[in-house]
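Asker: Predicted model follows, preceded by the sequence.
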Amino acid sequence: MAEEKKSKDLFMSLCSQKGFQFKNPTKEQFNNFINLILIGQENKKPKKVSLCLKFLKSKSKSKWLWVEIKNKHGNPGWLYGSSDFIVFELADEFLFVPRSALLNHIYENVNSSSIISSCSWDSKYKIYQRPGFFDQITQVKADKVKKLKNTYVWLKNQKT
């Protein structure tokens with residue numbers, strides 16, 4: 001948890017450095033997988049963007065991204081939430097991916113007709129389900145996700 005707080009603090013600092021204001025979501029927004037609302041300017045008008053933040057649990061595993069299709073109760077996962085962007089923390093950057101583009105990438109590249117795997121090492125572009133849970137998750141290659149339309153990066157050590 002300490003690592004996640006450190007990551008979130010760094011992310012919030014970058015938001016401020018880039019001139020964004022931010023606010024916490026309402027309870028309803030939070031229940032729809034929105035962790036943060038960024039507020040910026042576009043053509044001198046305020047613009048709000050909702051984010052679902054995914055922080056690294058292990059710095060060495062940032063070449064593959066975990067994506068939650070169904071949660072541990074079998075309900076739709078954060079991929080089906082209402083955030084505008086999913087923000088993945090990678091080793092040296094934060095990757096902003098339009099949720100709708102990631103959803104399309106999953107539909108086009110993950111073999112959902114295959115037998116559900118119970119081995120995490122066999123989850124790359126396949127559906128994985130943890131024993132005893134109803135979740136359905138998969139791993140996708142970060143480099144492929146970076147190429148999706150309207151995806152962008154904030155470097156962690158970037159100064160604006």
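Answerer: Yep, that arrived. Bear in mind the structure is a predicted one, so any value in this text is a computation, not a measurement.
Asker: the longest helix in this protein is where?
Answerer: Longest helix in the chain, counting residues (DSSP state H): helix 2-17.
Asker: Just checking: what are the partner strands of the helix or strand following that helix?
Answerer: Per DSSP states H and E, the first helix or strand lying C-terminal to helix 2-17 is strand 21-23. Each strand paired with strand 21-23, and its direction, by DSSP bridges: strand 36-42 (antiparallel).
Asker: Give the rounded mean pLDDT of the partner strand.
Answerer: Averaged over strand 36-42, pLDDT sits at 89.
Asker: and it, how far out from the chain's middle?
Answerer: With C-alpha atoms, centre = their mean, to the nearest Å as the basis, strand 36-42 stands 17 Å off its chain's centre.
Asker: now do stretch 142-160
Answerer: With C-alpha atoms, centre = their mean as the basis, stretch 142-160 stands 12 Å off its chain's centre.
Asker: Touching it from outside, list them.
Answerer: With C-beta atoms under 8 Å, 6 or more residues apart in numbering as the contact definition, stretch 142-160 has outside contacts at 10, 14, 17-19, 62-65, 88, 90, 92-98, 101-102, 105, 109. (Each C-beta comes from the backbone N, C-alpha and C, glycine too.)
Asker: No further queries at this time; thank you.
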